[in-house]
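Colleague: model this:
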Amino acid sequence: MRFLSTLLSVSLLFAGSLAAKKNSAERFDDFFTKSKATGPLKLSETTYKSLTSTPRDYSAAVLLTAQEARFGCVLCQQFKPEWDLLANSWHRGDKKGESRLLFGTLDFSDGREVFLSFGLQTAPVLFFFPPTHGPHAAASAEPIRYDFTGGPASAEQIHDWLARNLPDRPHPSVKRPINWMRWATGMTLFLGAITVGATAWPYVLPIVQSRNVWASVSLISILLFTSGHMFNHIRKVPYVAGDGKGGISYFSGNFQSQYGLETQVVAAIYGILSFCAISLAAKVSRIADAKSQQAAVIGWSVLIFLLYSFLLSIFKIKNSGYPFALPPFM
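Modeller: Have a look, this model is predicted:
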């Protein structure tokens, strides 16, 4: 009886040692077969140790996460769909396992000791375990950690990171499922835009073909760019500035700088002068009454004279050596 008990113990010990001595290729085949059906492997402490044990002739990407709501890991929840998408895309593109890469996920509730062994205080954490022997063996068996400090990563970002750590091996691309809702929404908006355009076109066409509209747009654009609007955006100039005496300076005293209000004033003067010239040429000439026409000519001419006098005084501020001036702004 004692002999049989001893024999049974020896047999179990021998069988256990054979299981423990399962080589790297057999471990990869077992895990790869499971991953075909489940996507990223759901690991426990035991399967994690088996997956990452050495020697290994394969690579492993292991995500340490905390999915349960009691942990409040928002980043874990956000990254999980991207991680699953990457693992499933990789498995579909590498059905023969030529890249020798396995994906695994270890939750904190299933692998507390693993988290403690790395001294981890946060999640998620992604480790890449390179092969320790074989043609692609790395110099160091230490895992490589992905940095999540920039926020949740996309499947494409992790794919690029893995590809850099898997030289000379296949890198199956990420295949995102077709978002039919987005396509339907886009087509609806596109068809709606066409319908609105076709309905409104008879009303829009006269506006588009109007010479006055294009003349106004051209004139406004010219005034903006000749008054220094682009300069303000490029240099980020102040709107006004102090004059050093407790007051406010509205115009900069040199040609290399200007203020925001200065640009608006100059643009307004240019605009009014343009309007005066157009009115004299297009409107006043059509006045039938001679006295009214004469009064209009005098009125517009006086306004042009005053505005031009003010414009020259601004040039005088910008350059004290400017030789021209007109009353009353000398």
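Colleague: list phi and psi for residue 115.
Modeller: With angles defined as degrees, to the nearest 10, residue 115 sits at phi -60, psi -40.
Colleague: what's stretch 66-84 in contact with?
Modeller: With C-beta atoms under 8 Å, 6 or more residues apart in numbering as the test, stretch 66-84 has contacts from 39-40, 63, 65, 103, 105, 107-109, 123-124, 148, 151-155, 158. Every C-beta, even on glycine, is put in place using the N, C-alpha and C of the backbone.
Colleague: which residues does the closest residue to residue 326 other than its chain neighbours contact?
Modeller: Closest residue to residue 326 apart from its sequence neighbours, by C-beta to C-beta, 6 or more residues apart in numbering: residue 309 at 3.9 Å. Residues counted as contacts of residue 309 (C-beta under 8 Å, 6+ apart) are 325, 326, 327, 328, 329.
Colleague: which residues does the second one contact?
Modeller: The one in question is residue 326. Per C-beta under 8 Å, 6+ apart, neighbours of residue 326: 305, 308, 309, 312.
Colleague: isn't residue 43 right up against residue 103?
Modeller: No - between residue 43 and residue 103 there is no contact, the gap being 10.1 Å when judged by C-beta atoms under 8 Å.
Colleague: what is in contact with those two at once?
Modeller: Common neighbours of residue 43 and residue 103 (C-beta under 8 Å, 6+ apart) are residue 62.
Colleague: about what we covered before: and of the contacts of residue 309, the nearest to residue 297?
Modeller: residue 326 (18.7 Å; C-beta to C-beta).
Colleague: beta partners of the closest one?
Modeller: residue 329 (DSSP bridges).
Colleague: my understanding was that residue 280 contacts residue 300; is that so?
Modeller: Yes - if you go by C-beta under 8 Å, residue 280 and residue 300 touch, sitting 5.1 Å apart.
Colleague: what about burial for the contacts of stretch 66-84, which qualify?
Modeller: 39-40, 63, 65, 103, 105, 107-108, 123-124, 148, 152-153, 155, 158 (16 or more other C-beta atoms under 10 Å).
Colleague: next step: those residues restricted to strands.
Modeller: 63, 65, 103, 105, 107 (DSSP state E).
Colleague: from residue 242, how far off is the third one?
Modeller: If you measure residue 103 against residue 242 using C-beta to C-beta, to the nearest Å, the figure is 63 Å.
Colleague: ditto for the fourth one
Modeller: Residue 105 sits 62 Å away from residue 242, taking C-beta to C-beta as the criterion.
Colleague: do residue 316 as well
Modeller: From residue 316 to residue 242 the distance is 21 Å (C-beta to C-beta).
Colleague: same deal with residue 258?
Modeller: Using C-beta to C-beta, residue 258 is found at 16 Å from residue 242.
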